[in-house]
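A.B. asks: Here is a sequence with its predicted model. Questions after.
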Amino acid sequence: MNRGKIPENVLKRSILKHVKRRRGEILRGASVGGDCAVLRLNGIILSSTEAVELLGDHSLKHAVFTASNNISAGGGEPVGISVSAVFPEDTEESYLRETVQKLEGYCRELKVDMVGGSTMVSDSVRVPVISVTAVGQASEETVSALKGAAPGDSVVLIGKVALEGTAIIAKVKEEELLKKFPADMIYRAESFDKLMSVKKEAALAVKSGVTAMHDVSRGGIFAALWELAERSGVGLEADLRKLSIFQESVEICNFFDINPYELLSGGALLAATKDPEKLVSDLAKEGIEAVTVGMCTDSKDRVLLNGESKRFLEIPKTDEIYKVI
């Protein structure tokens, strides 16, 4: 395609044709010449991802689910996404259409609408680059309740760590892994990306009375623990042995000599609460796994315990997935 805006005929047949409406809050969504969407929301909450290079389906899904999970972790309900994309000049229209169809599929999973965005072709990029902005609604009461963790609050891990990174590595490195591990193990690991949304988990946690939430994404659980404490201005003690992880993640991370606790972990959620037993029980009633992994303190130290030993958490580092992918 030529540089500049995507032609209107291509926009209509390969993008807008595949964008569906499913939310009543969308008064005006994606359209030709529609430079803004119009939504009816009680309280607006926004989240944007960094620009992501589309090096595979996993990067596209990561961008959409990360933006949506941020809304959920902020106490809101995701309603729609807006996608801005820049494509290289050698992009075929069929690739554009397939990308939009995949985006629409992710929106269907999340029960949100694709409300708009922008697309253009440029000779400044070698691979497609996208950024996703999610918009949702949150009540003032909910936002006020999530005032931040306080010393004495327990920290609860909802879900498993390293899910997203394990799924990506299993898919990209499938051939190599199948030489070492049973096929059913690798295929199960690949399916972990079906567990990436924290929408239901976050909504239940809010009802249970949590004081803070943070979705676990880049940098893994170690980064999320640090960021939860940093945002609330508290210290933290967490028990490494209580961090829930699938054995498939352990095996694959050991194979590539990477740390699963510093690996992309979309699908997991951290919550601070004054009543961890209630939170864990409320989630268990809905078949959701959760475990108390630590406590907030009045110190500035962020400490990771492992039996008799302890270490200090560090400022989040580059995600381990870049050592493999």
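C.D. replies: On my side now, so go ahead.

A.B. asks: and Ile245, what are its bridge partners?
C.D. replies: In this entry, Ile245 is beta-bridged to Val161, by DSSP bridges.

A.B. asks: Just give the number of residues close to it.
C.D. replies: Ile245 has 20 neighbours, counted by other C-beta atoms under 10 Å. Just so you know, the C-beta spots here come from the backbone N, C-alpha and C atoms, and that holds for glycine as well.

A.B. asks: I'd assumed Gly159 was in contact with it.
C.D. replies: No - using C-beta atoms under 8 Å, Ile245 is not in contact with Gly159, being 10.2 Å away.

A.B. asks: Please name the residues that touch Ala212.
C.D. replies: 146-149, 153, 228, 231-232, 271-272 (C-beta atoms under 8 Å, 6 or more residues apart in numbering).

A.B. asks: Also Leu313?
C.D. replies: 222, 225-226, 236, 238, 302-304 are the contacts of Leu313 under C-beta under 8 Å, 6+ apart.

A.B. asks: give me the low-pLDDT residue ranges for the stretch 1-150 of the chain?
C.D. replies: 1-8, 10-12, 15, 17, 27-40 (pLDDT under 70).

A.B. asks: Show me the helices in it, by range?
C.D. replies: 8-14, 57-73, 93-110, 140-145 (DSSP state H, counting those that start in this stretch).

A.B. asks: Can you say which of these is nearest to Ile325?
C.D. replies: Taking C-beta to C-beta, helix 57-73 is the member of the helices of the stretch 1-150 of the chain nearest to Ile325, at 8.6 Å.

A.B. asks: Could you check what's spatially nearest to Asp57, not counting adjacent residues?
C.D. replies: Spatial nearest neighbour of Asp57, chain neighbours left out: Lys102 (6.4 Å); criterion: C-beta to C-beta, 6 or more residues apart in numbering.

A.B. asks: what's the burial count for that neighbour?
C.D. replies: So Lys102, with other C-beta under 10 Å, has 16 neighbours.

A.B. asks: how close does it get to Gly307?
C.D. replies: Between Lys102 and Gly307 the distance is 44 Å, computed by C-beta to C-beta, to the nearest Å.

A.B. asks: One more: Glu201?
C.D. replies: 29 Å.

A.B. asks: ditto for Arg188
C.D. replies: Noted for Arg188: a distance of 29 Å to Gly307, by C-beta to C-beta.

A.B. asks: quick one, which of these two is more surrounded?
C.D. replies: Shown here are Arg188 and Gly307; by other C-beta under 10 Å, Arg188 has more neighbours (16 against 8).

A.B. asks: need the contact list for that one.
C.D. replies: Counting by C-beta under 8 Å, 6+ apart, Arg188 has contacts Glu248.

A.B. asks: So it: helix, strand or coil?
C.D. replies: helix (DSSP: H, G, I helix; E, B strand; the rest coil).

A.B. asks: still on that earlier bit, just put the helices of the stretch 1-150 of the chain in a markdown table and tack on distance to Ile258.
C.D. replies: Shown next, in a markdown table, are the helices of the stretch 1-150 of the chain (distance: least, C-beta to C-beta, whole Å):
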| stretch | distance to Ile258 |
| --- | --- |
| helix 8-14 | 38 |
| helix 57-73 | 16 |
| helix 93-110 | 26 |
| helix 140-145 | 37 |
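
A.B. asks: most packed of those helices?
C.D. replies: Neighbour counts (mean count of other C-beta atoms under 10 Å) averaged over each of these peak at helix 57-73, with a mean of 24.
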